[in-house]
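Participant: Prediction below, plus the sequence it came from.
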Amino acid sequence: MNEKRDPPEDLPTRPLRGLTNGPIASTLIRFSLPLLLTILLHNIAGTWNAVWVSHVLGPGDLIAVVNANVLLGILMGLVMGFGIAAGVFIGQAIGAGEIELARRVAGTSITFAAGAGIIIAGIGLFGVHMIVDLLQMPEETRAHSVTFFRIVCLSMPTLFVFVFTTMILRNSGDARTPFIFSLIWIGLGLVLTPILLTGTFGLPRLGIAGAAISGWIANAAALVGIVIYIYRKDVPLALRGDDLRYLRPDPTILLKLAKRGIPLAAETVIVQGAYFVLLSLVNAYGVMTAAGYAAAAQLWGYVQMPTMAIAASMSAMTAQNIGAMRWDRINKIALRGCALSFTITAGMAFFVFALGEIPLRLFLPDGGQALQTALDINEIVLWSWPIIAITFGLFAIVRANGAMLPSAIIFAITLWGLRIPFANLLQPHLGSAAIWWSFPVGTFASAALAFAYYRWGRWRLHAPLKSILQNPGIK
C-alpha cells in the first residue's frame, strides 16, 4: 500500500523547487505572505478580544488577559521547541527527498504534542494560584486571571496538535493549507468572543470566561477541519494504513527532537521568564501603569509581524537547502532575509509611532494616566523591534541546521545578565522608565551576539537528521 502512495512524483515538488532554487528575496516574500496574514489575523483577534474585554469588563480584566498570556507563553514554550525541531527535520527530509522519514517525524511529533497539551491542562487546573501569586497581580484582577488562565490551559491539547500540524505542513513547503485553517480558527474566535462575553442571542453572559472559551471552540473546529482536509486531499505527509504506526513515538526520533527541542524550550522559559519578572516590576507600580503597559504591548504584536513571518520562512528555506546540499545559498538567505525583516519591521514601528494615541484608545478609551504611560513606553520600546528582527533572522538560519542551544545562551546573557539587572539597578533613578529602557539595551546586545555566532560559530558542522539516524554516533 505504501508503494502506491510514495512514488517520487508524490513529493511536494512545486514548493521544493521554490525553496531550493530561484530568487531568494521574492521567494521569501511570497512564502512569508500566508504566515504574515495569519499573524496579522491573530493580532486582530487578540486586539478584538482585548477591546471587548476592556470595554465590557474594564482595564483590570485587560491586565488579567495580558498577564495570563505571558504565563501561557512560558508553558507553551516548554513544548513548542519540539515543534520547531520537528519542522526543521521535516524540511531537511523533504529537501533530501526522504518522504518516509518526514512521516516518521510527523507521527512522533503529533503524539508528543497531544501528550504535552494534556500535561499543561493539568498545570492550569492545579497550579494557577501559585503562578498568579508570583506575578504580584493586583488583587482586583486576580480572580479573573485565574479563570481565564485555567480555561485556556484546558484548550492546550487541541491547540498544540493544531499548531504542530501547521508547522509540519509549512516546513514541508505548504504555506497555503495552514493559512486557510488558521483563518477558520481566527474567524470563529472573532464571532464567538463578543457573543459569549456579553451573552448575546439569549446565551449566558460568561464574562472573561467567554473570551477564553471562544478560542477553545474555534481551535477545536479548525483542528477537525485541517485533519479532514489532509486526508481528503491525501497530502503526502498524511498517515494512513501501515503509516499509522508512526503515531507510536519513535524513541530515536523523540530523543533527537528532545536534543534540539529542549534548548528551544529553555530559551522560551528564559525569554518569557524575563518578561514574567518585568511584568511583576510593572504590576508593582499599580493598575494605571500596568494598564498602560498592557495597551502598548497589544500594538507590539503588529510591529513584530514581519519579524516572525520572515524568520519562519528563512528557517524553512534554509532547512530545505541544507537537505538539498545547497550551502551556496545560505549566506544569501541570511543577508536578504534579515534586510527584508529589518526594513519592513522598521516601517511598522514608524507607522504605529505616527498614529500616536489613536490605536491606544481602543484599549484605554478613558485616556488619563494609563494612556500617557502607554505613549511614553512606545516612544522608547518601539525602536527595539527592528533590531530584534536581525536577531530572529540569524537564529532562524542556525536553527535550521539543528543549532538550538546558542540562541538560548545568548538570550540568557542579554535578558537575565543585562536587561533585568539594568531595570532593577536604574529604577531608583529613572522609576518605571528603567523598565522601558531595558528593552533597547537587551535587543541591541542580542543582535550583536547573534551576528557574532552566525559569523564565527560552529553551527555549520551539525549533521542533518538522515545522517544522524544512519550513524547514531553523529551529533
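Facilitator: Structure received.
Participant: now P236, what's its secondary structure?
Facilitator: Secondary structure assignment for P236 (DSSP: H, G, I helix; E, B strand; the rest coil): coil.
Participant: Break the protein down into its domains, please.
Facilitator: Following automatic domain parsing, one finds the domains of the chain at 33-260, 285-463.
Participant: how about these in JSON lines, adding mean pLDDT?
Facilitator: Shown next, in JSON lines, are the domains of the chain (pLDDT from 0 to 100):
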{"stretch": "domain 33-260", "mean pLDDT": "79"}
{"stretch": "domain 285-463", "mean pLDDT": "88"}
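Participant: between those, which one is nearest to L278?
Facilitator: L278 lies closest, by Cβ to Cβ, to one member of these: domain 285-463, at 5.9 Å. All C-beta atoms are positioned from the backbone trio N, CA, C, and that covers glycine.
Participant: what's the helix or strand for K332?
Facilitator: Using DSSP states H and E, K332 sits within helix 330-355.
Participant: If you count neighbours, what's buried in that helix?
Facilitator: Buried residues in helix 330-355, counted by 16 or more other Cβ atoms under 10 Å: 330, 333-334, 336-338, 340-342, 344-346, 348-349, 352.
Participant: Just give me the closest of these to L279.
Facilitator: V352 (21.1 Å).
Participant: just to revisit the earlier point, so what does the helix holding K332 touch, helix or strand wise?
Facilitator: Helix 330-355 is packed against helix 25-56, helix 287-303, helix 305-323, helix 368-381, helix 385-399, with contacts defined by 3 or more Cβ pairs under 8 Å, 6 or more residues apart in numbering; DSSP states H and E.
Participant: How far off centre is the last one?
Facilitator: Relative to the centre of its chain, helix 385-399 is centred 14 Å away, using Cα atoms, centre = their mean, to the nearest Å.
Participant: So what touches that helix?
Facilitator: For helix 385-399, contacts defined as Cβ atoms under 8 Å, 6 or more residues apart in numbering pick out 84, 88, 264, 300, 303-304, 306-308, 310-312, 314-315, 318, 330, 333-334, 337-338, 341-342, 345-346, 348-349, 406-407, 440, 443-444, 446-447, 450-451, 453-454, 457, 459.
Participant: And the buried ones among these, selectable in PyMOL?
Facilitator: The buried residues among the contacts of helix 385-399 can be selected in PyMOL (16+ other Cβ under 10 Å) with this line:
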select buried, resi 84+88+264+300+303+304+306+307+308+310+311+312+314+315+318+330+333+334+337+338+341+342+345+346+348+349+406+407+440+443+444+446+447+450+453+454+459
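Participant: From Q298, how far off is Q272?
Facilitator: For Q272, the distance to Q298 equals 17 Å [Cβ to Cβ, to the nearest Å].
Participant: err, G187, not the other one
Facilitator: When distance is defined by Cβ to Cβ, G187 is 20 Å away from Q298.
Participant: now swap in A116 and tell me
Facilitator: 28 Å.
Participant: Over to A96?
Facilitator: Separation of A96 from Q298 (Cβ to Cβ): 42 Å.
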